[in-house]
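Structure for this input, please:
(one chain, ligands or ions: 1)
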Amino acid sequence: MTKFIFVTGGVVSSLGKGLTSASVGMLLEQRGLRVKMQKLDPYINVDPGTMSPYQHGEVYVLDDGSETDLDLGHYERFTNSPLTRDSNYTTGQIYLSVIEKERKGEFLGKTVQVIPHITNEIKRVIQKLASDDTDVVITEIGGTVGDIESQPFLEAIRQFSLDVGKENCLYMHLTLVPYLKAAGELKTKPTQHSVGQLREIGIQPDILVCRTEKTISREDREKIGLFCNVPIDAVIEEKDKDFSIYEVPLSLVHNQLDELIIRKLRLEAESLDLDRWHDLMHRLRNPEHEIAIAVVGKYAEHRDAYKSIYEAIDHAGIHHRAQIRIASIQSEQVESEGPERTLAGYDGILVPGGFGERGIEGKVEAIRFARERNIPYFGICLGMQCAAIEYARNVVGLTSAHSSEFDRNSEHHVICLLDEQQNVTDMGGTMRLGAQPAVLDKESNAFRCYGDTEIQERHRHRYEFNNQYRQQFAAHGMMFGGLSPDGGLVEIIEIPEHAWFVAVQFHPEFKSKPTCAHPLFAGFVGAAIQRRQLKSERVQEELDHAKQIDS
Ligand code: GLN
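Sure, this is the predicted structure:
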């Protein structure tokens, strides 16, 4: 019988519910349980695919092509839970399917209402994940308790325990215990209020996970327990982690959260095996190299916009035992100040995916700088398209080259709309999405990284490399390192003469894990480390040389 854990959040947003849910999933898996993860988002957009990164951060793409919330990235990085379209639902999707059923007459003339029709639909999508080979479903409810939008979801999870039995459900509530400097103490009142709101709608949390910057005393935990009607051993402290997010699961184990869940849900679990996680932490704490990577994008000030990119760079750092300083650089700054001022001193340059014209010229400049200075370059999606534009303009000699996404009048559209996109007018869920195969050239750098000629990577784009220009590019030294199996679409471009110049039409960042870095990120970071080493050797040689002259 599948058991259900519901994760809610109170007091404020951005408490790290996704990270905590992912950590719980990971710990249960490491205790031999089969886990499925799910996120329910209270906003009305059908999926985040049409939302601005400023509003929502990155759109995380799954193998099946669904465009989902970035918390699913945490789930995939921490657990082995298979994620699909069923792993992320929004209010928009829930209403859409209820309204479609109503139009088909499925409600037989009844008035369609939030309770029971919307709540039934929510319960259906949760129950959908239960199966013979699933021990635990972890469902995270987005938003904060008290929001109008989240009410139907909270009502649905309340009812859920009546349907499947109280003993098969566990409610875990994340709250904030803020430290007030003026008073010099931690405050438990916001937690009391948010649990009060949950209890008003009939949900008594079983476990409270208290986010805090300072250690919560036993006395304060007792107080929280008393006022929130939770035993003290179920008041778990989750302190801020300044060093790494990968410490979170370890601190939860320290506070025996895994044990508590297993006991409360009467799960049959094995003893905890955290060897790989400890190894990861050991690598993080004992770096042997130090490098700096510049990520040149359009949303540099918004860390969530390129979440998986930053994570994947970190994973490659863990792989190579390298401490990596990642600098987010606004591409418009490269435009206004020039690449020398903004990019000199970095050991690698990465241009991530994106949409819209703003900052394109800065990205093209950054790529030119990387190409001409032999600095390792990694282009992803738009970063590949910009690399093609740069090469066309500055190497092939097509000075007006552009993408038809940005300049309809250019004579040379080296990047053009995919054929299948010609008649697409709807914006939601209509790009070339999800896992697609590619075949690699055995001479390519990409092949050296993957060690395989056949790969599957996730996509999210409407534009592609224009095949009319393939020959011209090849004649000027560009290599097409990966193609779709029918040869029709360019998936990877490379400059073999360069230290490391690989640009890909897909999004490898979605398949990187802390315990298993993505091969291309590992290759890129490896090349950056090599560059740094060569540079310091050269500096040393010059110093030695100068000394010799002196003496
Ligand atoms: N805007 C480009 C396209 O649609 C690139 C998309 C991306 O970087 N994800 O093809």
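
hmm, who's touching the least confident helix or strand in the chain by mean pLDDT?
Scoring the helices and strands of the chain by mean pLDDT, DSSP states H and E places helix 53-56 at the bottom, with a mean of 84. For helix 53-56, contacts defined as Cβ atoms under 8 Å, 6 or more residues apart in numbering pick out 48, 59, 69-70, 299, 302, 304-305. Glycine gets a C-beta too; all of them are placed from N, C-alpha and C.

what's the closest of these to the ligand?
Nearest to the ligand, judged by Cβ to the nearest ligand atom, of the contacts of helix 53-56 is residue 59 at 8.7 Å.

re earlier: by pLDDT, give me the weakest of the contacts of helix 53-56.
Note: of these, the lowest pLDDT belongs to residue 302, at 85.

so what's it up against?
Neighbouring residues of residue 302 by Cβ under 8 Å, 6+ apart: 53-54, 57.

and the least confident helix or strand of the chain, which residues are buried?
Residues 53, 56 are the ones in helix 53-56 that count as buried (16 or more other Cβ atoms under 10 Å).

Please state the offset of that helix from the chain centre?
Mean-position distance between helix 53-56 and its chain equals 13 Å (Cα atoms, centre = their mean, to the nearest Å).

next one: stretch 56-69
Distance, stretch centre to chain centre, for stretch 56-69: 8 Å (Cα atoms, centre = their mean).

in that stretch, what's buried?
For stretch 56-69, burial by neighbour count (16+ other Cβ under 10 Å) applies to 56-63, 65-69.

quick check, residue 434 in a strand?
Yes: using DSSP: H, G, I helix; E, B strand; the rest coil, the assignment for residue 434 is a strand.

which residue packs closest to it, ignoring adjacent ones?
Using Cβ to Cβ, 6 or more residues apart in numbering and skipping the chain neighbours, the partner closest in space to residue 434 is residue 65 (2.8 Å).

Need the pLDDT of that neighbour.
96.

how near is it to residue 513?
Plainly put, residue 65 is 21 Å away from residue 513 if you go by Cβ to Cβ, to the nearest Å.

State the three-state secondary structure for residue 77.
Following three-state DSSP, we place residue 77 in the helix state.

What count of nearby residues applies to the spatially closest residue to it that is not a sequence neighbour?
Spatial nearest neighbour of residue 77, excluding adjacent residues (Cβ to Cβ, 6+ apart): residue 513 at 5.4 Å. The number of residues packed near residue 513 is 17, by other Cβ atoms under 10 Å.

and if you look at residue 536?
10.

ok, back up a step: dump the buried residues of stretch 56-69 into CSV; add distance to residue 246 and secondary structure as well.
Shown next, in CSV, are these (distance: Cβ to Cβ, whole Å; DSSP: H, G, I helix; E, B strand; the rest coil):
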residue, distance to residue 246, secondary structure
56, 24, helix
57, 20, coil
58, 19, coil
59, 23, coil
60, 18, strand
61, 23, strand
62, 22, coil
63, 24, coil
65, 29, coil
66, 26, coil
67, 26, strand
68, 22, strand
69, 21, coil
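
Let's see stretch 90-99 as CSV, backbone CA atoms only.
What follows is stretch 90-99, C-alpha atoms only, in CSV (Å, rounded to 0.1, in the frame of the first residue of the first chain):
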residue,chain,number,x,y,z
THR,A,90,-1.2,23.7,-11.5
THR,A,91,-4.6,25.2,-10.7
GLY,A,92,-4.8,26.0,-14.4
GLN,A,93,-4.4,22.3,-15.4
ILE,A,94,-6.9,21.1,-12.7
TYR,A,95,-9.6,23.6,-13.8
LEU,A,96,-8.9,22.9,-17.5
SER,A,97,-9.6,19.2,-17.1
VAL,A,98,-12.7,19.8,-14.9
ILE,A,99,-14.0,22.2,-17.5
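
And the average pLDDT for it is what?
With pLDDT averaged residue by residue, stretch 90-99 scores 97.

how far does it sit from the chain's center?
For stretch 90-99, the distance to the chain centre is 25 Å (Cα atoms, centre = their mean).

Other residues contacting that stretch?
For stretch 90-99, contacts defined as Cβ under 8 Å, 6+ apart pick out 40-48, 112, 117-118, 121-122, 125, 149, 152-153.

one step back: the residue nearest to residue 434 reaches residue 433, doesn't it?
Yes: with contact defined as Cβ atoms under 8 Å, residue 65 reaches residue 433; the gap is 3.6 Å.

Just confirm residue 221 is within a helix.
Yes: per three-state DSSP, residue 221 lies within a helix segment.

if I look at it, how far off is the ligand?
As judged by Cβ to the nearest ligand atom, to the nearest Å, residue 221 and the ligand stand 46 Å apart.

go on, residue 12?
Distance, residue 12 to the ligand, using Cβ to the nearest ligand atom: 31 Å.

go on, residue 72?
Computed as Cβ to the nearest ligand atom, the residue 72 to the ligand distance reads 17 Å.

got it, and residue 296?
13 Å.

Neighbours of the closest residue in space to that residue that isn't next to it in sequence, how many?
Nearest residue to residue 296 in three dimensions, chain neighbours excluded: residue 366, at 4.4 Å (Cβ to Cβ, 6+ apart). If you count neighbours by other Cβ under 10 Å, residue 366 ends up with 32.

who are the neighbours in contact with residue 366?
Taking Cβ under 8 Å, 6+ apart as the contact definition, residue 366 lies against 294, 296, 329, 331, 334, 339, 342-343, 349, 351.

Swap in 10 Å and give it another go.
Residues in contact with residue 366, defined by Cβ atoms under 10 Å, 6 or more residues apart in numbering, are 294-297, 329, 331, 333-335, 339, 342-343, 346, 349-351, 359, 375, 377, 383, 386, 390.

how far away is it from residue 432?
25 Å.

Can you measure across stretch 458-477, start residue to end residue?
Using Cα to Cα, to the nearest Å, the end-to-end distance of stretch 458-477 comes out at 27 Å.

Any buried residues in that stretch, and which?
Residues of stretch 458-477 classed as buried: 458-461, 463-466, 469-470, 473 (neighbour count, 16+ other Cβ under 10 Å).

Repeat that for stretch 422-432.
431-432.

Kindly report the same for stretch 92-112.
The neighbour-count check on stretch 92-112 (16+ other Cβ under 10 Å) flags 92-95, 98 as buried.

Alright, I will stop here.
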